[in-house]
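Asker: Structure for this input, please:
(chains A and B)
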Amino acid sequence: MNKYALFLGCTTPTKVLQYELASRWVCKYFGIELIDIEDFVCCGINQVNLSIETGLLMATMNLAFAEARELDILTLCAACTGALAETIEKLNDTITRNRINEKLRTVGLEYKGKVKVKHISRVLYEDIGVEKIKREVKKDLSSLRVVPHYGCHYLKPKSAFGGFEEPDNPKTLHELISATGAHLVEYETLGLCCGGKVFPVSEDLVDSLVQKKLNDLMGKEIDAMVLQCQTCYLMYSDRQKEVNKEYNKQYNLPVLLYPQLLGLALGADSVKDLGLGLHIISPDKIIAKVAAYK
Amino acid sequence: MNKPKKTLGTSTTLSINPEQGRRIEFKKPVSTSELDQNFKSLVLLYPDAQGLNACFSCGTCSAGCPIHEVFPEYNPKKLAKMVRLGMKKQVLSSPYIWYCATCHNCEQRCPQNVKFFNILNVLKNMAAKEGYAPAAWVEQTRQVIETGIVFPTEDNWVKKREGFLLPPLKEDHQKLKKIIKSTSIDKVKPRVNSE
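Answerer: Residues are numbered from 1 along each chain as shown, chains lettered A, B, ... in the order given. Below you'll find the model as predicted:
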(Lines give C-alpha, C1' and ligand atoms only; values in the text may rest on other atoms or scores of the structure.)
Protein backbone atom coordinates (compact mmCIF):
# COMPACT_ATOMS: atom_id res chain seq x y z
CA MET A 1 0.00 0.00 0.00
CA ASN A 2 1.40 3.36 -1.02
CA LYS A 3 0.61 6.09 1.46
CA TYR A 4 1.87 9.68 1.42
CA ALA A 5 1.26 13.01 3.06
CA LEU A 6 -0.03 15.27 0.29
CA PHE A 7 1.96 18.50 0.14
CA LEU A 8 -0.18 20.94 -1.84
CA GLY A 9 2.03 24.02 -1.62
CA CYS A 10 0.62 27.54 -2.00
CA THR A 11 -0.34 27.90 -5.65
CA THR A 12 -1.99 24.60 -6.61
CA PRO A 13 -4.79 24.65 -4.00
CA THR A 14 -5.59 28.32 -4.65
CA LYS A 15 -4.95 29.01 -8.32
CA VAL A 16 -4.53 25.68 -10.15
CA LEU A 17 -7.19 23.46 -8.59
CA GLN A 18 -7.27 21.29 -11.69
CA TYR A 19 -3.81 19.97 -10.81
CA GLU A 20 -4.95 19.00 -7.32
CA LEU A 21 -8.15 17.42 -8.63
CA ALA A 22 -6.43 15.36 -11.30
CA SER A 23 -3.65 14.31 -8.92
CA ARG A 24 -6.11 13.13 -6.30
CA TRP A 25 -8.09 11.23 -8.94
CA VAL A 26 -5.05 9.54 -10.46
CA CYS A 27 -3.63 8.58 -7.04
CA LYS A 28 -6.96 7.11 -6.00
CA TYR A 29 -7.10 5.16 -9.25
CA PHE A 30 -3.73 3.53 -8.54
CA GLY A 31 -4.38 2.97 -4.84
CA ILE A 32 -1.98 5.65 -3.64
CA GLU A 33 -3.46 6.91 -0.38
CA LEU A 34 -3.04 10.64 0.17
CA ILE A 35 -3.25 12.05 3.69
CA ASP A 36 -4.07 15.76 4.05
CA ILE A 37 -2.09 17.50 6.78
CA GLU A 38 -3.67 20.86 7.55
CA ASP A 39 -0.59 22.04 9.47
CA PHE A 40 1.57 22.17 6.32
CA VAL A 41 2.77 25.67 5.45
CA CYS A 42 4.59 27.18 2.47
CA CYS A 43 7.74 25.19 1.66
CA GLY A 44 9.83 28.32 2.24
CA ILE A 45 11.54 28.46 -1.15
CA ASN A 46 10.86 32.15 -1.72
CA GLN A 47 11.75 33.14 1.83
CA VAL A 48 15.30 31.97 1.04
CA ASN A 49 15.68 35.20 -0.92
CA LEU A 50 15.56 37.21 2.29
CA SER A 51 16.72 34.60 4.78
CA ILE A 52 18.21 31.20 4.02
CA GLU A 53 17.60 30.30 7.66
CA THR A 54 13.85 31.01 7.37
CA GLY A 55 13.57 28.84 4.29
CA LEU A 56 15.37 26.03 6.07
CA LEU A 57 13.16 26.40 9.12
CA MET A 58 9.90 26.37 7.15
CA ALA A 59 10.90 23.36 5.06
CA THR A 60 12.06 21.45 8.14
CA MET A 61 8.85 22.32 9.95
CA ASN A 62 6.89 20.66 7.14
CA LEU A 63 9.15 17.61 7.21
CA ALA A 64 8.56 17.37 10.97
CA PHE A 65 4.78 17.45 10.50
CA ALA A 66 5.00 14.50 8.10
CA GLU A 67 7.50 12.63 10.26
CA ALA A 68 5.24 12.90 13.31
CA ARG A 69 2.64 10.97 11.32
CA GLU A 70 5.25 8.50 10.00
CA LEU A 71 4.59 9.52 6.41
CA ASP A 72 6.72 10.36 3.39
CA ILE A 73 5.69 13.39 1.36
CA LEU A 74 4.15 13.48 -2.11
CA THR A 75 4.49 16.88 -3.77
CA LEU A 76 2.77 18.38 -6.80
CA CYS A 77 4.86 21.53 -7.27
CA ALA A 78 8.36 21.08 -8.66
CA ALA A 79 9.65 23.98 -6.56
CA CYS A 80 8.28 22.55 -3.30
CA THR A 81 9.92 19.26 -4.26
CA GLY A 82 13.25 20.96 -4.78
CA ALA A 83 13.01 23.07 -1.63
CA LEU A 84 12.14 20.11 0.60
CA ALA A 85 14.68 17.78 -1.01
CA GLU A 86 17.45 20.39 -0.76
CA THR A 87 16.57 20.90 2.88
CA ILE A 88 16.82 17.17 3.59
CA GLU A 89 20.27 17.30 2.01
CA LYS A 90 21.32 20.25 4.17
CA LEU A 91 19.97 18.61 7.32
CA ASN A 92 22.42 15.76 6.86
CA ASP A 93 24.81 18.18 8.51
CA THR A 94 24.38 17.59 12.25
CA ILE A 95 25.21 21.16 13.24
CA THR A 96 22.53 22.53 10.91
CA ARG A 97 19.96 19.97 12.03
CA ASN A 98 20.60 20.65 15.72
CA ARG A 99 20.35 24.39 15.20
CA ILE A 100 17.03 24.13 13.32
CA ASN A 101 15.66 21.57 15.78
CA GLU A 102 16.47 23.86 18.66
CA LYS A 103 14.10 26.40 17.12
CA LEU A 104 11.48 23.81 16.26
CA ARG A 105 11.43 22.53 19.85
CA THR A 106 10.13 25.87 21.04
CA VAL A 107 6.86 24.94 19.32
CA GLY A 108 6.98 21.26 20.25
CA LEU A 109 8.40 19.96 16.96
CA GLU A 110 11.50 18.03 16.00
CA TYR A 111 12.83 16.50 12.81
CA LYS A 112 14.85 13.30 13.12
CA GLY A 113 15.59 12.79 9.45
CA LYS A 114 13.28 10.02 8.29
CA VAL A 115 11.11 11.66 5.64
CA LYS A 116 11.47 11.14 1.90
CA VAL A 117 10.04 13.63 -0.57
CA LYS A 118 8.76 12.51 -3.95
CA HIS A 119 7.05 14.45 -6.71
CA ILE A 120 3.82 12.83 -7.95
CA SER A 121 5.45 12.01 -11.30
CA ARG A 122 8.27 10.22 -9.50
CA VAL A 123 5.74 8.29 -7.41
CA LEU A 124 3.91 7.25 -10.58
CA TYR A 125 7.21 6.37 -12.25
CA GLU A 126 8.74 4.42 -9.38
CA ASP A 127 5.84 3.09 -7.31
CA ILE A 128 3.42 2.33 -10.13
CA GLY A 129 5.68 2.11 -13.17
CA VAL A 130 5.16 2.85 -16.85
CA GLU A 131 4.30 -0.77 -17.69
CA LYS A 132 1.39 -0.81 -15.24
CA ILE A 133 0.22 2.58 -16.54
CA LYS A 134 0.30 1.28 -20.13
CA ARG A 135 -1.83 -1.71 -19.16
CA GLU A 136 -4.44 0.53 -17.54
CA VAL A 137 -4.89 2.92 -20.48
CA LYS A 138 -8.46 2.83 -21.80
CA LYS A 139 -8.56 5.64 -24.35
CA ASP A 140 -6.56 6.06 -27.52
CA LEU A 141 -4.49 9.22 -27.20
CA SER A 142 -2.29 8.53 -30.22
CA SER A 143 -3.78 11.43 -32.19
CA LEU A 144 -2.55 13.90 -29.54
CA ARG A 145 0.76 15.59 -30.30
CA VAL A 146 2.30 16.82 -27.06
CA VAL A 147 5.57 18.22 -25.73
CA PRO A 148 6.88 17.69 -22.19
CA HIS A 149 8.20 20.40 -19.89
CA TYR A 150 9.88 19.16 -16.71
CA GLY A 151 10.24 22.15 -14.38
CA CYS A 152 13.72 23.01 -13.10
CA HIS A 153 13.22 21.99 -9.48
CA TYR A 154 11.98 18.55 -10.47
CA LEU A 155 15.50 17.91 -11.84
CA LYS A 156 17.91 20.17 -9.99
CA PRO A 157 19.97 20.30 -7.90
CA LYS A 158 20.81 16.79 -9.00
CA SER A 159 22.42 15.86 -5.68
CA ALA A 160 19.13 16.43 -3.84
CA PHE A 161 17.39 13.75 -5.91
CA GLY A 162 19.95 11.00 -5.52
CA GLY A 163 20.64 10.59 -9.23
CA PHE A 164 16.94 10.07 -10.05
CA GLU A 165 17.22 12.11 -13.24
CA GLU A 166 19.90 13.42 -15.58
CA PRO A 167 19.04 17.16 -15.58
CA ASP A 168 20.42 17.88 -19.04
CA ASN A 169 18.86 14.77 -20.54
CA PRO A 170 15.75 13.90 -18.54
CA LYS A 171 13.49 10.99 -19.39
CA THR A 172 10.82 10.27 -16.76
CA LEU A 173 8.14 12.64 -18.06
CA HIS A 174 8.85 11.50 -21.62
CA GLU A 175 8.23 7.91 -20.55
CA LEU A 176 5.19 8.77 -18.47
CA ILE A 177 3.64 10.62 -21.42
CA SER A 178 4.47 7.78 -23.82
CA ALA A 179 2.74 5.37 -21.45
CA THR A 180 -0.55 7.20 -22.00
CA GLY A 181 -0.23 6.62 -25.75
CA ALA A 182 0.06 10.33 -26.61
CA HIS A 183 2.51 11.21 -29.37
CA LEU A 184 5.67 12.93 -28.09
CA VAL A 185 7.14 15.73 -30.16
CA GLU A 186 10.81 16.65 -29.62
CA TYR A 187 11.82 20.29 -29.41
CA GLU A 188 14.96 22.28 -28.89
CA THR A 189 14.14 24.40 -25.83
CA LEU A 190 13.09 21.44 -23.63
CA GLY A 191 15.36 22.55 -20.79
CA LEU A 192 14.36 26.21 -20.81
CA CYS A 193 13.16 27.54 -17.46
CA CYS A 194 9.65 29.09 -17.21
CA GLY A 195 11.01 31.95 -15.11
CA GLY A 196 8.23 31.57 -12.54
CA LYS A 197 10.47 32.25 -9.56
CA VAL A 198 11.42 35.69 -10.84
CA PHE A 199 7.79 36.59 -11.60
CA PRO A 200 7.20 38.64 -8.40
CA VAL A 201 10.25 40.76 -9.26
CA SER A 202 9.99 41.04 -13.04
CA GLU A 203 7.07 39.91 -15.16
CA ASP A 204 8.90 41.03 -18.27
CA LEU A 205 11.75 38.61 -17.72
CA VAL A 206 9.19 35.80 -17.45
CA ASP A 207 7.48 36.87 -20.66
CA SER A 208 10.74 36.88 -22.59
CA LEU A 209 11.50 33.30 -21.45
CA VAL A 210 7.93 32.09 -22.07
CA GLN A 211 7.96 33.65 -25.50
CA LYS A 212 11.15 31.80 -26.44
CA LYS A 213 9.65 28.41 -25.71
CA LEU A 214 6.30 29.16 -27.33
CA ASN A 215 8.10 30.46 -30.40
CA ASP A 216 10.08 27.23 -30.61
CA LEU A 217 6.83 25.24 -30.53
CA MET A 218 5.17 27.23 -33.31
CA GLY A 219 4.56 25.29 -36.51
CA LYS A 220 5.04 21.91 -34.85
CA GLU A 221 1.28 21.22 -34.74
CA ILE A 222 1.27 20.65 -31.02
CA ASP A 223 -2.03 19.89 -29.26
CA ALA A 224 -0.71 20.57 -25.77
CA MET A 225 2.28 21.21 -23.60
CA VAL A 226 2.31 18.71 -20.73
CA LEU A 227 4.02 19.70 -17.52
CA GLN A 228 4.20 18.80 -13.87
CA CYS A 229 4.35 22.02 -11.89
CA GLN A 230 1.60 24.59 -11.36
CA THR A 231 4.02 27.52 -11.52
CA CYS A 232 5.27 26.43 -14.95
CA TYR A 233 1.59 25.96 -15.82
CA LEU A 234 0.69 29.52 -14.87
CA MET A 235 3.63 30.94 -16.79
CA TYR A 236 3.06 29.01 -20.01
CA SER A 237 -0.73 29.05 -19.93
CA ASP A 238 -1.95 32.20 -18.25
CA ARG A 239 0.90 34.44 -19.47
CA GLN A 240 0.17 33.70 -23.14
CA LYS A 241 -2.26 36.61 -23.26
CA GLU A 242 0.39 39.09 -22.06
CA VAL A 243 3.08 37.54 -24.23
CA ASN A 244 0.83 37.87 -27.28
CA LYS A 245 0.34 41.55 -26.50
CA GLU A 246 3.98 42.25 -25.74
CA TYR A 247 5.46 40.35 -28.67
CA ASN A 248 2.62 40.75 -31.15
CA LYS A 249 1.93 37.01 -31.44
CA GLN A 250 -1.15 34.81 -31.51
CA TYR A 251 -0.12 31.89 -29.34
CA ASN A 252 -3.02 29.75 -28.21
CA LEU A 253 -1.40 26.56 -26.94
CA PRO A 254 -3.33 24.50 -24.38
CA VAL A 255 -1.28 23.40 -21.38
CA LEU A 256 -2.06 20.29 -19.34
CA LEU A 257 -0.73 18.99 -16.07
CA TYR A 258 0.51 15.42 -16.45
CA PRO A 259 -2.12 13.84 -14.16
CA GLN A 260 -4.78 15.39 -16.40
CA LEU A 261 -3.32 13.69 -19.49
CA LEU A 262 -3.05 10.42 -17.59
CA GLY A 263 -6.60 10.83 -16.28
CA LEU A 264 -7.89 11.32 -19.82
CA ALA A 265 -6.16 8.10 -20.89
CA LEU A 266 -7.65 6.27 -17.92
CA GLY A 267 -11.18 7.41 -18.76
CA ALA A 268 -11.70 10.03 -16.04
CA ASP A 269 -14.42 12.67 -16.38
CA SER A 270 -12.63 15.63 -17.93
CA VAL A 271 -14.56 18.30 -16.02
CA LYS A 272 -15.50 16.73 -12.70
CA ASP A 273 -12.37 14.62 -12.11
CA LEU A 274 -9.69 16.53 -14.00
CA GLY A 275 -10.89 20.14 -13.83
CA LEU A 276 -10.40 20.71 -17.56
CA GLY A 277 -13.14 23.34 -17.40
CA LEU A 278 -10.86 25.57 -15.33
CA HIS A 279 -8.30 26.28 -18.04
CA ILE A 280 -7.79 29.76 -19.47
CA ILE A 281 -6.72 28.30 -22.79
CA SER A 282 -9.46 25.93 -23.78
CA PRO A 283 -8.46 22.26 -23.99
CA ASP A 284 -11.74 21.44 -25.79
CA LYS A 285 -9.96 20.22 -28.94
CA ILE A 286 -8.03 17.72 -26.81
CA ILE A 287 -11.18 16.55 -25.06
CA ALA A 288 -12.91 16.16 -28.44
CA LYS A 289 -10.00 14.10 -29.81
CA VAL A 290 -10.14 11.78 -26.82
CA ALA A 291 -13.95 11.55 -26.91
CA ALA A 292 -13.86 10.60 -30.61
CA TYR A 293 -12.41 7.29 -29.49
CA LYS A 294 -15.11 4.97 -28.14
CA MET B 1 12.56 43.19 -32.00
CA ASN B 2 10.30 44.96 -29.61
CA LYS B 3 12.01 44.38 -26.26
CA PRO B 4 10.09 45.13 -23.09
CA LYS B 5 11.28 47.16 -20.18
CA LYS B 6 12.45 45.22 -17.17
CA THR B 7 11.01 46.18 -13.86
CA LEU B 8 12.12 45.52 -10.31
CA GLY B 9 9.21 45.25 -7.92
CA THR B 10 6.73 47.81 -8.99
CA SER B 11 8.56 51.07 -9.30
CA THR B 12 12.14 50.69 -10.57
CA THR B 13 12.40 50.63 -14.33
CA LEU B 14 15.48 49.63 -16.28
CA SER B 15 15.42 50.34 -19.96
CA ILE B 16 17.00 47.83 -22.24
CA ASN B 17 18.15 48.59 -25.69
CA PRO B 18 19.10 45.33 -27.39
CA GLU B 19 21.02 47.24 -30.05
CA GLN B 20 23.38 48.39 -27.35
CA GLY B 21 24.62 44.87 -26.77
CA ARG B 22 26.21 44.21 -23.42
CA ARG B 23 26.27 47.39 -21.47
CA ILE B 24 29.03 48.03 -19.03
CA GLU B 25 27.34 47.94 -15.67
CA PHE B 26 29.59 50.42 -13.90
CA LYS B 27 30.98 52.97 -16.23
CA LYS B 28 33.46 54.63 -13.89
CA PRO B 29 36.46 52.48 -13.00
CA VAL B 30 36.31 51.37 -9.39
CA SER B 31 39.19 52.66 -7.32
CA THR B 32 40.76 50.41 -4.71
CA SER B 33 39.67 52.79 -1.96
CA GLU B 34 36.06 51.92 -2.77
CA LEU B 35 36.65 48.20 -2.31
CA ASP B 36 35.84 46.39 0.89
CA GLN B 37 38.59 43.85 1.42
CA ASN B 38 36.49 42.07 4.04
CA PHE B 39 33.52 41.50 1.76
CA LYS B 40 34.59 38.10 0.49
CA SER B 41 35.33 36.92 4.04
CA LEU B 42 31.92 38.13 5.19
CA VAL B 43 30.25 36.21 2.37
CA LEU B 44 32.28 33.10 3.17
CA LEU B 45 31.01 33.19 6.77
CA TYR B 46 27.78 31.73 5.40
CA PRO B 47 28.06 27.96 4.96
CA ASP B 48 26.04 28.30 1.73
CA ALA B 49 28.75 30.43 0.13
CA GLN B 50 31.49 27.81 0.44
CA GLY B 51 33.08 27.11 -2.90
CA LEU B 52 33.36 30.74 -3.97
CA ASN B 53 37.15 30.48 -3.86
CA ALA B 54 37.09 27.57 -6.30
CA CYS B 55 35.64 29.75 -9.06
CA PHE B 56 38.13 30.38 -11.86
CA SER B 57 35.82 32.65 -13.86
CA CYS B 58 35.34 30.32 -16.81
CA GLY B 59 31.85 31.72 -17.38
CA THR B 60 30.05 28.40 -17.81
CA CYS B 61 27.47 29.68 -15.31
CA SER B 62 26.66 32.72 -17.43
CA ALA B 63 26.74 30.74 -20.67
CA GLY B 64 24.01 28.39 -19.41
CA CYS B 65 21.93 31.02 -17.64
CA PRO B 66 18.52 31.60 -19.28
CA ILE B 67 18.17 35.03 -17.66
CA HIS B 68 21.63 36.15 -18.83
CA GLU B 69 20.62 35.19 -22.34
CA VAL B 70 17.63 37.54 -22.42
CA PHE B 71 19.05 40.13 -20.03
CA PRO B 72 22.87 40.24 -20.28
CA GLU B 73 23.24 42.61 -17.32
CA TYR B 74 22.40 39.69 -15.07
CA ASN B 75 25.74 37.93 -15.14
CA PRO B 76 26.65 35.22 -12.59
CA LYS B 77 30.32 35.10 -13.53
CA LYS B 78 30.64 38.84 -13.18
CA LEU B 79 28.88 38.89 -9.82
CA ALA B 80 31.16 36.16 -8.46
CA LYS B 81 34.17 38.16 -9.60
CA MET B 82 32.82 41.37 -8.07
CA VAL B 83 32.41 39.62 -4.73
CA ARG B 84 35.98 38.38 -4.83
CA LEU B 85 37.24 41.86 -5.68
CA GLY B 86 35.41 43.32 -2.68
CA MET B 87 32.81 45.37 -4.55
CA LYS B 88 30.40 45.17 -1.64
CA LYS B 89 28.26 48.21 -2.23
CA GLN B 90 27.98 47.63 -5.97
CA VAL B 91 26.95 44.00 -5.50
CA LEU B 92 24.51 44.43 -2.63
CA SER B 93 22.77 47.47 -4.09
CA SER B 94 22.57 45.97 -7.57
CA PRO B 95 18.99 45.25 -8.68
CA TYR B 96 20.34 42.45 -10.85
CA ILE B 97 21.06 40.05 -7.98
CA TRP B 98 17.29 39.62 -7.63
CA TYR B 99 16.82 38.45 -11.21
CA CYS B 100 17.83 34.80 -10.75
CA ALA B 101 15.08 32.42 -11.89
CA THR B 102 16.50 29.67 -9.60
CA CYS B 103 16.83 27.17 -12.45
CA HIS B 104 20.12 25.80 -11.01
CA ASN B 105 21.80 25.55 -14.43
CA CYS B 106 24.82 27.47 -13.11
CA GLU B 107 25.66 24.96 -10.40
CA GLN B 108 24.58 21.99 -12.49
CA ARG B 109 27.16 22.87 -15.14
CA CYS B 110 29.96 24.42 -13.09
CA PRO B 111 33.20 22.47 -13.66
CA GLN B 112 34.40 23.53 -10.21
CA ASN B 113 31.21 22.49 -8.44
CA VAL B 114 30.62 26.04 -7.24
CA LYS B 115 27.00 26.47 -6.15
CA PHE B 116 26.44 29.97 -7.47
CA PHE B 117 22.73 29.68 -6.75
CA ASN B 118 23.51 29.33 -3.04
CA ILE B 119 26.13 32.09 -3.12
CA LEU B 120 23.59 34.39 -4.73
CA ASN B 121 21.12 33.63 -1.95
CA VAL B 122 23.77 34.68 0.56
CA LEU B 123 24.25 37.94 -1.35
CA LYS B 124 20.50 38.51 -1.40
CA ASN B 125 20.28 37.86 2.35
CA MET B 126 23.07 40.38 2.97
CA ALA B 127 21.43 42.89 0.63
CA ALA B 128 18.11 42.44 2.44
CA LYS B 129 19.78 43.30 5.74
CA GLU B 130 21.14 46.47 4.17
CA GLY B 131 17.68 47.55 3.02
CA TYR B 132 17.80 46.48 -0.65
CA ALA B 133 15.08 43.79 -0.66
CA PRO B 134 12.45 44.09 -3.40
CA ALA B 135 9.05 45.01 -1.97
CA ALA B 136 7.51 41.93 -3.60
CA TRP B 137 9.54 39.52 -1.46
CA VAL B 138 8.99 41.48 1.74
CA GLU B 139 5.26 41.51 1.09
CA GLN B 140 5.22 37.80 0.35
CA THR B 141 6.92 37.04 3.65
CA ARG B 142 4.38 39.16 5.50
CA GLN B 143 1.67 37.17 3.73
CA VAL B 144 3.22 33.82 4.66
CA ILE B 145 3.30 34.82 8.32
CA GLU B 146 -0.39 35.73 8.10
CA THR B 147 -1.89 32.74 6.27
CA GLY B 148 0.93 30.17 6.05
CA ILE B 149 0.95 30.48 2.26
CA VAL B 150 2.11 33.20 -0.11
CA PHE B 151 -1.43 34.29 -1.02
CA PRO B 152 -4.20 35.91 0.98
CA THR B 153 -7.44 33.98 1.44
CA GLU B 154 -9.88 34.80 -1.35
CA ASP B 155 -13.57 33.96 -1.53
CA ASN B 156 -13.08 32.99 -5.15
CA TRP B 157 -10.89 29.96 -4.53
CA VAL B 158 -12.43 29.08 -1.19
CA LYS B 159 -15.79 28.66 -2.96
CA LYS B 160 -14.22 26.78 -5.87
CA ARG B 161 -12.63 24.32 -3.44
CA GLU B 162 -15.99 23.77 -1.78
CA GLY B 163 -17.60 23.25 -5.18
CA PHE B 164 -15.11 20.51 -6.03
CA LEU B 165 -15.42 19.01 -2.52
CA LEU B 166 -11.76 19.72 -1.77
CA PRO B 167 -10.76 20.10 1.90
CA PRO B 168 -10.55 23.69 3.23
CA LEU B 169 -7.11 25.20 3.83
CA LYS B 170 -6.14 26.09 7.38
CA GLU B 171 -5.34 29.78 7.66
CA ASP B 172 -3.98 30.35 11.11
CA HIS B 173 -0.56 28.78 11.65
CA GLN B 174 0.48 29.75 15.18
CA LYS B 175 3.60 27.58 15.25
CA LEU B 176 4.94 29.22 12.11
CA LYS B 177 4.10 32.69 13.42
CA LYS B 178 5.98 31.94 16.61
CA ILE B 179 9.21 30.50 15.23
CA ILE B 180 9.59 32.53 12.05
CA LYS B 181 10.44 35.57 14.15
CA SER B 182 13.52 33.77 15.50
CA THR B 183 15.14 34.35 12.09
CA SER B 184 14.38 38.11 12.07
CA ILE B 185 12.97 37.85 8.54
CA ASP B 186 10.04 39.95 9.75
CA LYS B 187 12.47 42.84 10.33
CA VAL B 188 13.48 43.12 6.66
CA LYS B 189 12.44 46.46 5.18
CA PRO B 190 11.67 46.86 1.47
CA ARG B 191 14.12 48.71 -0.74
CA VAL B 192 13.50 52.39 -1.26
CA ASN B 193 13.79 53.07 -4.96
CA SER B 194 15.87 56.02 -5.89
CA GLU B 195 16.24 55.40 -9.63
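
Asker: what's the pLDDT at B:Thr10?
Answerer: Looking at B:Thr10, its pLDDT reads 38.

Asker: What of B:Gln140?
Answerer: 96.

Asker: what number of residues lie near it?
Answerer: Burial measure for B:Gln140: 21 neighbouring residues, criterion other Cβ atoms under 10 Å in any protein chain shown. Quick note: C-beta positions are derived from backbone N, CA and C, even for glycine.

Asker: same question, the one 4 residues further on
Answerer: The local packing count at B:Val144 equals 25, with neighbours defined by other Cβ under 10 Å.

Asker: B:Ile67 reaches A:Leu205, doesn't it?
Answerer: Yes: counting by Cβ atoms under 8 Å, A:Leu205 is a contact partner of B:Ile67 at 6.3 Å.

Asker: So between those two, which is more surrounded?
Answerer: Using other Cβ under 10 Å, the more surrounded residue of B:Ile67 and A:Leu205 is B:Ile67, with 26 against 22.

Asker: who's in contact with the more buried one?
Answerer: A:Gly195, A:Val198, A:Leu205, A:Leu209, B:Tyr74, B:Tyr99, B:Cys100, B:Ala101 (Cβ atoms under 8 Å, 6 or more residues apart in numbering or on different chains).

Asker: So which of those belong to helices?
Answerer: Members of the contacts of B:Ile67 lying in helices (criterion: DSSP state H): A:Leu205, A:Leu209.

Asker: Looking at the contacts of B:Ile67, which are in strands?
Answerer: Assigned to strands by DSSP state E, none of those qualify.

Asker: how much space between A:Asp273 and chain B?
Answerer: Distance of A:Asp273 to chain B, given as Cβ to the nearest Cβ, to the nearest Å: 10 Å.

Asker: before we move on, back to that, who wins for most neighbours among the contacts of B:Ile67?
Answerer: Ranked by neighbour count (other Cβ under 10 Å), the contacts of B:Ile67 have A:Gly195 at the top, with 31 neighbours.

Asker: gap between it and A:Cys232?
Answerer: Using Cβ to Cβ, to the nearest Å, we find A:Gly195 at a distance of 9 Å from A:Cys232.

Asker: If we ignore the residues flanking it in sequence, what's nearest B:Leu169?
Answerer: A:Pro13 (5.9 Å; Cβ to Cβ, 6 or more residues apart in numbering or on different chains).

Asker: What residues sit buried inside stretch B:110-120?
Answerer: By 16 or more other Cβ atoms under 10 Å in any protein chain shown, the buried positions in stretch B:110-120 come out as B:Cys110, B:Val114, B:Lys115, B:Phe116, B:Phe117, B:Asn118, B:Ile119, B:Leu120.

Asker: Over to stretch A:181-201?
Answerer: For stretch A:181-201, burial by neighbour count (16+ other Cβ under 10 Å) applies to A:181-182, A:184, A:187, A:189-201.

Asker: what separates the residue nearest the centre of chain B from B:Ser31, distance-wise?
Answerer: The centroid of chain B falls nearest to B:Trp98 when counting by Cα atoms, centre = their mean (3.0 Å). Applying Cβ to Cβ, the value for B:Trp98 to B:Ser31 is 27 Å.

Asker: list the contacts for residue 39?
Answerer: In the absence of a named chain, chain A is used. A:Phe65, B:Lys170, B:His173, B:Lys175.

Asker: hm, I was asking about chain B
Answerer: Contacts here follow Cβ under 8 Å, 6+ apart; on that basis B:Phe39 touches B:Val83, B:Gly86, B:Met87, B:Lys88, B:Val91.

Asker: all strands for chain B, in order.
Answerer: According to DSSP E, the strands that chain B contains are B:6-8, B:12-14.

Asker: Need the mean per-residue confidence for the helix of greatest length in chain A.
Answerer: Assignment by DSSP H gives helix A:52-68 as the longest helix of chain A. In this model, helix A:52-68 carries a mean pLDDT of 98.

Asker: can you check stretch A:108-117 too?
Answerer: Averaged over stretch A:108-117, pLDDT sits at 97.

Asker: Chain B contacts on the stretch 51-200 of chain A?
Answerer: With Cβ under 8 Å from any Cβ of the partner chain as the criterion, the stretch 51-200 of chain A meets chain B at residues A:51-54, A:57-58, A:61, A:79, A:82, A:93, A:96, A:103-104, A:106-109, A:152-153, A:156-158, A:167-168, A:191-193, A:195-198, A:200.

Asker: how about low-confidence regions in chain B?
Answerer: B:1-27, B:194-195 (pLDDT under 70).

Asker: show me where it has helices.
Answerer: Under DSSP H, chain B gives helices at B:39-44, B:60-63, B:66-70, B:76-85, B:88-93, B:105-109, B:116-129, B:135-147, B:155-163, B:174-180.

Asker: Chain B - how does it break down into domains?
Answerer: Domain segmentation of chain B under automatic domain parsing yields B:33-129, B:135-187.

Asker: which one of these lies closest to A:Leu227?
Answerer: The closest of these to A:Leu227 is domain B:33-129. By Cβ to Cβ, the value is 14.5 Å.

Asker: excluding its backbone neighbours, what's nearest A:Tyr111?
Answerer: Nearest non-adjacent residue to A:Tyr111 (Cβ to Cβ, 6+ apart): A:Ala64, at 4.2 Å.

Asker: Could you check how far the one you found is from A:Leu141?
Answerer: Distance of A:Ala64 to A:Leu141, computed by Cβ to Cβ: 41 Å.

Asker: Ok, B:Cys65 next?
Answerer: As judged by Cβ to Cβ, B:Cys65 and A:Leu141 stand 36 Å apart.

Asker: neighbour-wise, which of these two wins?
Answerer: B:Cys65 (26 against 21).

Asker: which residues does the more buried one contact?
Answerer: By Cβ under 8 Å, 6+ apart, the residues touching B:Cys65 are B:Tyr74, B:Asn75, B:Pro76, B:Cys103, B:Asn105, B:Cys106.

Asker: Would you mind confirming that the fifth one is in contact with B:Pro66?
Answerer: Yes: under the criterion of Cβ under 8 Å, B:Asn105 makes contact with B:Pro66 at 7.0 Å.

Asker: any shared contact partners between the two?
Answerer: Common contact partners of B:Asn105 and B:Pro66 (Cβ under 8 Å, 6+ apart): A:Cys193.

Asker: Comparing the two, which shows the higher neighbour count?
Answerer: Using other Cβ under 10 Å as the criterion, B:Asn105 and B:Pro66 rank with B:Asn105 on top: 27 against 23.

Asker: Just give the nearest non-adjacent residue to residue 137, would you?
Answerer: Assuming you mean chain A. In this structure, A:Val137 finds its nearest non-sequential neighbour in A:Ala265, 4.7 Å apart by Cβ to Cβ, 6+ apart.

Asker: Please refer instead to chain B.
Answerer: Once flanking residues are discounted, B:Trp137 sits nearest to A:Asn49: 4.9 Å by Cβ to Cβ, 6+ apart.
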